[in-house]
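A.B. asks: okay, here's the prediction I keep looking at, along with the sequence it came from:
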Amino acid sequence: MARQNGTRKVNVGTRQFTILGGRQATFLDLYHNSLAISWPRFFVVVAGVFALTNMIFALLYWLGGDVIANTQGGSLAMLFFFSVEALSTVGFGDMHPTNYYGHTVASVENFFGLLFVAVTTGVMFTRFARARARFMFAKHPVVSLFNGKPTLMVRIANERHNTVSDASARLWVLKDGKSTEGQSFRRFIELKLERVENPVFVLSWTLFHVIDETSPLYKVRDAKEPNVSTLIVSLSGYDENMAQEVRARHWYNMHDIRWNHRYADILESGPDGDTLLNYDHFHESHPDTPL
C-alpha cells in the first residue's frame, strides 16, 4: 500500500477539494509558493527566516567563545544583534570580530546575507510588478427576458476606470457526466455569449447568454439537469497604463443565479446633465416578469 504524505486543501472557485497523498513540494517549488501566498503570510515567512538565520549564526559565534568585541562577554542576545547587523550589511562598528574564527563566520554570514537580500528583493519586485486587474463582478448572475428570450446576464465593472483595450470574455459551466462505460468525469462547457469582445472596457460590461434548447442551462432551473454545478467567467484585456495583459476570473455556484430578476440600473442623470455611474446599486437586482 502506497504511503500518503498527508492531506492538502485546494480551493477551486467556490468548491474545496481535499488532496490525499502526493508529494508536498514546498521547498522544491519555493519560488512559486513565494508568489502564491498572501502578503501577510509572505512577510511572516520572510521575518521568520530572517530571525532563524540570525539565531543560527549567533549560536555559531557563541560556540567560538568571546570572538566578537563589545558583546558583554559573548552574550547570546548581543551576538544575535551583531548577526542582524552583519546579515543586513549595516555594521555600526562598535561590535566586530576579534579573531580568525569570528571573521570566518562573519564572512560566511555576509555572503549569505547578500543572497538573502537579493532573493527577497527579487521576489518582492515580482510580487509588486505582477499585472493585476481590478474587475468587479456582480454577486449574482440574473436571468430574465431580453429581446423576448430567457437570457443569463453577468455584470462586470472596471474598478480602475482606466482603458483596458481589446477585452474579451468567456463563460463556462462545469458539468458532471458519465461515459458510456459508466465512468464519472467532469468537463467544462463554454456558453455562447452575444458579445465576447469589448474594444474599450472602461466602465461596465454586461455579458449575455441566451438560454435556448442548445444551452447547458436550459434544464437547470427545473432540476432536470442537476449535474451543472458551477459557472466560471474569465476576462482578459490589455491594460494601457501598465502596458501588460491582465486577466481575471470569477466563480459562481448555480444557486447564486437569481431567476426572474433584472439588474438595477446604475446609470443616472446628474444635476448638470452629465451621466452618473452609481456603483452603490451595482450588485442589486429586482424581480422581473416571470419567464
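C.D. replies: That came in fine, so what should we check first?
A.B. asks: contacts and neighbour counts: CA atoms only from here.
C.D. replies: OK.
A.B. asks: A58: neighbouring residues, count only.
C.D. replies: 23 (other C-alpha atoms under 10 Å).
A.B. asks: list the contacts of it.
C.D. replies: Residues in contact with A58 (C-alpha atoms under 8 Å, 6 or more residues apart in numbering) are 76, 79-80, 82-83.
A.B. asks: would you list the phi and psi of it?
C.D. replies: phi -60, psi -40 (degrees, to the nearest 10).
A.B. asks: now R258
C.D. replies: phi -100, psi 110.
A.B. asks: what's the answer for I37, then?
C.D. replies: Per-residue torsions, I37: phi -70, psi 160 (degrees, to the nearest 10).
A.B. asks: burial measure for it, as a count.
C.D. replies: 12.
A.B. asks: OK, contacts around it?
C.D. replies: By C-alpha under 8 Å, 6+ apart, I37 lies in contact with nothing.
A.B. asks: mind checking how far it is from V46?
C.D. replies: 12 Å (C-alpha to C-alpha, to the nearest Å).
A.B. asks: any shared contact partners between these two?
C.D. replies: Residues touching both I37 and V46 (C-alpha under 8 Å, 6+ apart): there are none.
A.B. asks: quick check: L35 is in a helix.
C.D. replies: Yes: counting by DSSP: H, G, I helix; E, B strand; the rest coil, L35 falls inside a helix.
A.B. asks: residues contacting it?
C.D. replies: For L35, the contacting residues are 123, 126-127, by C-alpha under 8 Å, 6+ apart.
A.B. asks: can you list which of those are found in helices?
C.D. replies: Assignment to helices by DSSP state H places the following of the contacts of L35 there: 123, 126-127.
A.B. asks: that older thread, just the buried ones from the contacts of L35?
C.D. replies: V123 (16 or more other C-alpha atoms under 10 Å).
A.B. asks: out of the contacts of L35, which comes closest to M254?
C.D. replies: Nearest to M254 among the contacts of L35: R127, at 33.4 Å, using C-alpha to C-alpha.
A.B. asks: contacting residues for that closest one?
C.D. replies: Contacts of R127 (C-alpha under 8 Å, 6+ apart): L35.
A.B. asks: what does the pLDDT read for it?
C.D. replies: pLDDT recorded at R127 is 89.
A.B. asks: end to end, how far does stretch 190-202 reach?
C.D. replies: First-to-last distance for stretch 190-202 - C-alpha to C-alpha - comes to 25 Å.
A.B. asks: show the pLDDT at L291.
C.D. replies: Looking at L291, its pLDDT reads 65.
A.B. asks: would you turn the contacts of L35 into a markdown table with distance to F111?
C.D. replies: Converted to a markdown table, these look like this (distance: C-alpha to C-alpha, whole Å):
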| residue | distance to F111 |
| --- | --- |
| V123 | 19 |
| T126 | 23 |
| R127 | 25 |
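A.B. asks: pretty sure E284 sits against Y263.
C.D. replies: Yes: using C-alpha atoms under 8 Å, E284 is in contact with Y263, at 6.0 Å.
A.B. asks: could you pull out the helices in this structure for me?
C.D. replies: 30-36, 39-63, 76-87, 100-129.
A.B. asks: what's the closest of the ones you listed to V200?
C.D. replies: helix 100-129 (23.4 Å).
A.B. asks: angle of that closest one against helix 39-63?
C.D. replies: Relative orientation of helix 100-129 and helix 39-63, computed by axes from the mean of the first three to the mean of the last three C-alpha atoms, to 10 degrees: 170 degrees.
A.B. asks: what angle sits between helix 100-129 and helix 76-87?
C.D. replies: 60 degrees.
A.B. asks: which positions in helix 100-129 come out as buried?
C.D. replies: 101-103, 105-106, 109-110, 112-113, 116, 123-124.
A.B. asks: what of stretch 207-223?
C.D. replies: 207-211, 216-217.
A.B. asks: stretch 232-247 now?
C.D. replies: Buried, per 16+ other C-alpha under 10 Å, within stretch 232-247: 232-233, 235-239, 245-247.
A.B. asks: quick check: longest strand in this structure by residues?
C.D. replies: Longest strand in the chain by number of residues (criterion: DSSP state E): strand 164-178.
A.B. asks: who does the closest residue to L145 other than its chain neighbours form a beta bridge with?
C.D. replies: Using C-alpha to C-alpha, 6 or more residues apart in numbering and skipping residues adjacent in sequence, the residue nearest L145 is T151, 5.8 Å away. For T151, the beta-bridge partners are S144, V210 (DSSP bridges).
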